[in-house]
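J.: the following block contains a protein sequence and its predicted model.
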Amino acid sequence: MSVTGLSARERSLLPTDLPLALLDKNGIPVDDPALEMPADEVLLELHRRIVIGRRFDTQATALTRQGRLAVYPSSRGQEACEVGSVLALREQDWLFPTYRDSVALVTRGVDPVQTLTLLQGGWHLGYDPYEHKVGPQCTPLATNTLHAVGLAHAARLKGEDTVALVLLGDGATSEGDTHEALNFAAVWKAPVVFLVQNNGYAISVPMSKQSAAPSLAHKGIGYGVPSYLIDGNDPAAVYATVREAIAAAAAGGGPALIEARTYRIEAHTNADDAGRYRDSEEVAAWLDRDPLDRIERYLSTRGLLDDERRAEIQAEAEDFAASVREGMNAEPELDPADLFAHVYAQPTKALREQAAMLAEELAS
Amino acid sequence: MSVTGLSARERSLLPTDLPLALLDKNGIPVDDPALEMPADEVLLELHRRIVIGRRFDTQATALTRQGRLAVYPSSRGQEACEVGSVLALREQDWLFPTYRDSVALVTRGVDPVQTLTLLQGGWHLGYDPYEHKVGPQCTPLATNTLHAVGLAHAARLKGEDTVALVLLGDGATSEGDTHEALNFAAVWKAPVVFLVQNNGYAISVPMSKQSAAPSLAHKGIGYGVPSYLIDGNDPAAVYATVREAIAAAAAGGGPALIEARTYRIEAHTNADDAGRYRDSEEVAAWLDRDPLDRIERYLSTRGLLDDERRAEIQAEAEDFAASVREGMNAEPELDPADLFAHVYAQPTKALREQAAMLAEELAS
Amino acid sequence: MTTAVRNQELSMSAALNRALADALEADERVLVFGEDVGPLGGVFRVTDGLSARFGEQRVFDTPLAESGIVGTAIGMAMNGMRPVVEMQFDAFAYPAFEQITSHLAKLRNRTRGRVELPVVIRVPYGGGIGGVEHHCDSSEAYYTHTPGLRVVTPGTPGDAYQLLRDAIDSPDPVIFLEPKRRYWSKGPVAFDRSGPAMDRAVVRRPGKDVTLIAYGPMVATALETAAAATEEGWDVEVVDLRSLSPFDDETVTESVRRTGRAVVVHEASGFSGYGAEVVARVTERCFHHLHAPILRVTGFDIPYPPPKLEEHHLPGVDRILDAIGRLQWDDEVVGFHG
Amino acid sequence: MTTAVRNQELSMSAALNRALADALEADERVLVFGEDVGPLGGVFRVTDGLSARFGEQRVFDTPLAESGIVGTAIGMAMNGMRPVVEMQFDAFAYPAFEQITSHLAKLRNRTRGRVELPVVIRVPYGGGIGGVEHHCDSSEAYYTHTPGLRVVTPGTPGDAYQLLRDAIDSPDPVIFLEPKRRYWSKGPVAFDRSGPAMDRAVVRRPGKDVTLIAYGPMVATALETAAAATEEGWDVEVVDLRSLSPFDDETVTESVRRTGRAVVVHEASGFSGYGAEVVARVTERCFHHLHAPILRVTGFDIPYPPPKLEEHHLPGVDRILDAIGRLQWDDEVVGFHG
Ligand SMILES: Cc1ncc(C[n+]2csc(CCOP(=O)(O)OP(=O)(O)O)c2C)c(N)n1
Ligand SMILES: Cc1ncc(C[n+]2csc(CCOP(=O)(O)OP(=O)(O)O)c2C)c(N)n1
Ligand SMILES: [Mg+2]
Ligand SMILES: [Mg+2]
């Protein structure tokens, strides 16, 4: 087979060979970047939210050890994606997160206790999706991609200026739903941004067993969706890329696919034993590419961040963590009668009977 | 987003901008072709089989009008794909066809009456898949792609030199299973060739509503699968491409994706009314690109085919059609007791009871 | 144009088409989409003319992917739309099973009522049309066992109109099963929606000796059977369930307590089928009124047969009459399933 | 190493691991694959150590796609392999529903026996482990209603070993449901496969007053109930179905005719659930032996609850005892479902 050259269309759809970045791993701006460096206030906010997000994450992990959370999938190491993408959203945009994206949720403003309700075992969802325009944290992999496309397409039909950002993992890209979502979005020109957090593993399964493509971003061209490969540990790059993609989608340019290369520092969840499938050198190499370090160094070098300000933010993060601890110490108030509510808009006769039976049992 | 250039890997995976061809629509060899022209005997055989295949196809359509077939999805106009791909198979290779590929089946040597059994309403499958290494004609779209991958991977595990060729339509590429199959095949380096017959429509739905990609072949790079875009009405090009892909797969090179641009001259099936969604000019333009015409002109120009030989082949095709007519005139022998056979290896007690009940009913 | 005529003789297909048109007219949030539902009008012509009339923004063809259709319908409903989607044939709804089961059915409950999904999934189902494999499944039991879904199926053109309008207006997701062999059967259709509520069964024919419980494609067969049964001296009551989930205990229990005998009929395989639920719950409630166990007349426990054999699989008048005959009128003990 | 020990006390998880190892050892056509079944050994450690022992050619991780896993297993089986695949949790088998229903279950029949698919799909199912949403479904009824599939579920470590070996040897596709709350329960395991055939139910505890019909995770609960029931003066017989499809009429009918009373227990929602089939067919066959309608004790007709509420949903000893108490010992008429 021979290739006769690359058309302009192809050129506009393919990702770059190397991940786009604005800051290198030491926080030094890269030469001649293909992305626009966010404004200083944005960078400062990225930093602050990452500090808070990370503190939240370690707090949640600690809560699993105390038995206050049933399970917690940490996003430690992925905060550039969690925070960078959410800050790039406009108020009217929607976020469709997965189970791993609790940090994204709190960054979006969802109450941290409500964020953790699912993982606490209290109810399937603790927050109102419409309050902050955040879909339910999604467990069945890749299924949320289609919800995002539907919601965004409906917004367009209604003439609303809304973009949906959907988060998914490297593993989730293998599911049929991801394919269908990218295709529907492209055909409909739906304003959706797909952000794949490629953290190297689907539980224990490494990328080499997940895909043989040059990159996951190379999937985009097969749908006619412009794609970006970016350094997912660079908060500035994530922010800039998502911002650009959202602007394009809002302007009627259709969907975009972003693969952010990052790494899950913790095990899949507290219940997982990552030692079975990866070694500590690999983890160490990624710790060296830490997103928080990177932006902190940059801001410090630029003189935008001093020790005092850092201490302030750290204190804020500690307060936040304390509020989470406190919130999670309270047992959630759960009424068994609620089991029968909201199965249908109005409980059926059979459900009313079953509810009565349970009530009787509990009374006796 | 900016593209920094095309790597060698990318270059080897992307299809060409224009469909590859060996013969233009008038049967004139294209300049500087990227494919190898098949040997003369192959071209002659392609021609002969296309004549027979087309005669078979028109015969089958006629049988629907006489009520001898419940339904028939014609592949008229797609014979370059149907015949070219099958002749490129080696004996040890497997074919995984769809409902539209009856001509591929008879070309592979499946008895024509057995081929039509499904469509006659006699039994779900008339032939033994193992006899000619032909999977069941598959109706649930795209599901057969996974069967092909599994079979091919198993062959590799067993050390067998077997390649699986799976046929699918443009519409079927939108199903999640196609995505999963391409991905599994690529990761496993399974010897599978995916041939998409892009005939412009999924029943009534045109390509513009099916995909926004530059071509369907552009999906390949998203899996790391080398892809070909070819002229699907050029029998020589189809043969040469499938042959090349099979050789590469057999040599351990892994899967390939081929998009063949062709056209469904008839309606989706005899039950469809194509006038509702396309106009006759469009059909006429494609009639002008007829695969049979094309190879016939080429062979005639080359002096490889004269009127006498053509008459011989036509006679052979008529004989074939007559045998089909005759075969289909006989009502299939069907024993209602067979309903209960082969649900399990051994009928369960419940099925034996149900069979007895039916037998009693029929006896009374 | 739509309001002038109050009552019309229509085929079920035309009644459904009319229901969609009236719903599209009545509520701009209603969207109709799926495979070939646009210019073609659907392979059964149920959406005929709708995209021309309401525009391709509201009635449109999608890419060929059922999970995609249902998954995007969920997202649209989250954003205030009322999608009515079509699965081309019953077996082709299976790729959407995860979206239906894990999301469509459960999202209201999972979000404590915050997310409401008024989605209707239209599924042409059942056999009797000479369809080749995968075109004749009866998949109702997969849906009725999934809490959060409503499952309804019309047996007449009149119900087709009313139930589809009600399904579209329902705040709950509805699996709307269309008995494809009855698409072309005609019957009176009233457009004033004066029939019983969506979750109620109806007595289609009163009788005092035995209750025949049927739904969808089998309603007509049950009525035929009832007519034939008079010759044998049996006065058969026919109950048309209409709503498979929830189940109308009241109507069915009242009938069976009165007649003391019952037969449930459906096309789907019997084993672990919907009829089992009917037998189990009606027996629980009517045990001491029953003269004989409730029998089931169903498809066999086999994959749906090829066209030339389907007549043997499908419950017909004779087989139902046989079952009625085995209801221990003389107190002998015989079971249908052996 | 595997043959020396004849009998061992193992957890169900270990028994399953041993069954897989012995099957891989015994037959080189056996392949084990799925998500995380390789080096990790599966999230429940059922495949622990197998990829190291048998190599990544025979025990391997796949890309993350359930339809892909089942679809390729079908292709491999067509080519002479005997794939044993894992769905990580019950709800995550739904994406494979089309491959299971339209192909795995039907291909033998569709090809008139020419294509045989000895595939085993292992599905950890049920609740009681504090799992969050989508991790606790009981999906057996979706499979039991699909002709062509065998559906089995062990209630004990001993059965786990034997049934899995039998399932792998079966020429038919088998949905192998593993009750995840029992993974860590220990019990004796015999490696000589001397137990009853795969399609037979067993009486786990003989009794004469009432038959408790259970399977999978509820077998232990049923036995507990039987023990508690002696205090109330009831001698409870416990039948462990083992095979949900096909159903062992003989064993169950014999028991119920003898006791005259029965209760069916399962975790899944009751409506249109597997228990309905048990009630319907056993009632058909035992009607005149029954003193009361067969009752069901099941999960409610709701999506599986969050961890902190699941105890209210799951059938437990008290609820089962209540149902036994309602079996009209004094001839009063009360139905469980109201
Ligand atoms: C449909 C489906 N199959 C399987 C699972 C079980 N599961 C939960 S997380 C996970 C790995 C996901 O990997 P990836 O998409 O890379 O996301 P990550 O966890 O790395 O963020 C698996 C297999 C699931 N949740 N949904
Ligand atoms: C899963 C599934 N969904 C829907 C259908 C109904 N159907 C049969 S053929 C067809 C169109 C297929 O188009 P394409 O893949 O382009 O193949 P072609 O018929 O053009 O050869 C559709 C929608 C099906 N067979 N399977
Ligand atoms: Mg990952
Ligand atoms: Mg097509």
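T.: Arrived safely. Residues are numbered from 1 along each chain as shown, chains lettered A, B, ... in the order given. Ligands and ions are numbered 1, 2, ... in the order given.
J.: only C-alpha atoms for contact and neighbour calcs from this point on.
T.: OK.
J.: can you confirm residue A:282 is in a helix?
T.: Yes. Under DSSP: H, G, I helix; E, B strand; the rest coil, residue A:282 falls within a helix.
J.: that one - how many residues pack around it?
T.: Applying other C-alpha atoms under 10 Å in any protein chain shown, we find 11 residues neighbouring residue A:282.
J.: dump the residue contacts of it.
T.: Residue A:282 makes contact with no residue, according to C-alpha atoms under 8 Å, 6 or more residues apart in numbering or on different chains.
J.: mind redoing it with 10 Å?
T.: Residue A:282 makes contact with A:263, A:265, according to C-alpha atoms under 10 Å, 6 or more residues apart in numbering or on different chains.
J.: what's the answer for the one 4 residues further on, then?
T.: Contact analysis of residue A:286 by C-alpha under 10 Å, 6+ apart lists A:25, A:77, A:233, A:262, A:263, A:264, A:265, A:280.
J.: which stretches of the stretch 51-200 of chain C form strands?
T.: C:59-61, C:82-86, C:120-125, C:150-152, C:174-179, C:186-190 (DSSP state E, counting those that start in this stretch).
J.: could I get those strands as TSV with distance to residue B:143 and mean neighbour count?
T.: Compiled in TSV, the strands of the stretch 51-200 of chain C are given as follows (distance: least, C-alpha to C-alpha, whole Å; neighbours: other C-alpha atoms under 10 Å in any protein chain shown):
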stretch	distance to residue B:143	mean neighbour count
strand C:59-61	22	25
strand C:82-86	20	27
strand C:120-125	20	26
strand C:150-152	27	27
strand C:174-179	24	26
strand C:186-190	37	19
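J.: now distance to residue D:134 and mean pLDDT too, for these, in TSV please.
T.: Formatted as TSV, those follow (distance: least, C-alpha to C-alpha, whole Å; pLDDT from 0 to 100):
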stretch	distance to residue D:134	mean pLDDT
strand C:59-61	31	98
strand C:82-86	25	98
strand C:120-125	22	98
strand C:150-152	20	98
strand C:174-179	21	98
strand C:186-190	42	97
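J.: so which of the ones you listed gets nearest ligand 4?
T.: strand C:59-61 (14.5 Å; C-alpha to the ion).
J.: packing partners for that closest one?
T.: Where contact means 3 or more C-alpha pairs under 10 Å, 6 or more residues apart in numbering or on different chains; DSSP states H and E, strand C:59-61 is packed against helix B:207-210, strand C:30-34, helix C:50-54, strand C:82-86.
J.: what's the shortest one packed up against?
T.: Applying 3+ C-alpha pairs under 10 Å, 6+ apart, one finds that helix B:207-210 contacts helix A:176-188, strand B:201-202, strand C:59-61.
J.: coming back round to it: of the contacts of residue A:286, buried ones?
T.: A:25, A:77, A:233, A:262, A:263, A:264, A:265 (16 or more other C-alpha atoms under 10 Å in any protein chain shown).
J.: pick the one among these closest to chain C.
T.: Closest approach to chain C among the buried ones among the contacts of residue A:286 (C-alpha to the nearest C-alpha): residue A:264, at 26.9 Å.
J.: was I right about the closest one contacting residue A:170?
T.: No. Counting by C-alpha atoms under 10 Å, residue A:170 is not a contact partner of residue A:264; they are 11.5 Å apart.
J.: now the helix or strand hosting residue C:256 - C-alpha only, CSV.
T.: Using DSSP states H and E, residue C:256 maps to helix C:249-259. Written as CSV, here are the backbone C-alpha positions of helix C:249-259 (Å, rounded to 0.1, in the frame of the first residue of the first chain):
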residue,chain,number,x,y,z
ASP,C,249,-53.4,-7.7,39.3
GLU,C,250,-56.9,-6.3,39.9
THR,C,251,-58.4,-7.0,36.5
VAL,C,252,-56.8,-10.4,36.1
THR,C,253,-57.4,-11.6,39.6
GLU,C,254,-61.0,-10.6,39.5
SER,C,255,-61.5,-12.5,36.3
VAL,C,256,-59.7,-15.7,37.4
ARG,C,257,-61.4,-15.8,40.7
ARG,C,258,-64.7,-15.6,38.9
THR,C,259,-63.9,-18.3,36.2
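J.: near chain B at all, the next helix or strand after it?
T.: Using DSSP H and E, the helix or strand that directly follows helix C:249-259 along the chain is strand C:262-269. No. Looking at strand C:262-269 against chain B by C-alpha under 10 Å from any C-alpha of the partner chain, there are no contacts, and the closest approach is 11.4 Å.
J.: and whichever helix or strand comes after strand C:262-269, what other elements does it pack with?
T.: Sequence order places helix C:274-286 as the next helix or strand after strand C:262-269, per DSSP H and E. Here helix C:274-286 touches helix C:140-144, strand C:210-214, helix C:249-259, strand C:262-269, strand C:295-299, helix D:274-286, strand D:295-299, going by 3+ C-alpha pairs under 10 Å, 6+ apart.
J.: quick check: which element contains whichever residue of the stretch 1-150 of chain A sits closest to ligand 3?
T.: Of all residues in the stretch 1-150 of chain A, residue A:100 sits closest to ligand 3, at 9.5 Å by C-alpha to the ion. Assessed by DSSP H and E, residue A:100 sits outside every helix and strand.
J.: for it, give me phi and psi.
T.: phi -90, psi -10 (degrees, to the nearest 10).
J.: mind listing what it touches?
T.: So residue A:100 contacts A:72-76, A:78, A:82, A:137-139, A:167-169, A:268-269 (C-alpha under 10 Å, 6+ apart).
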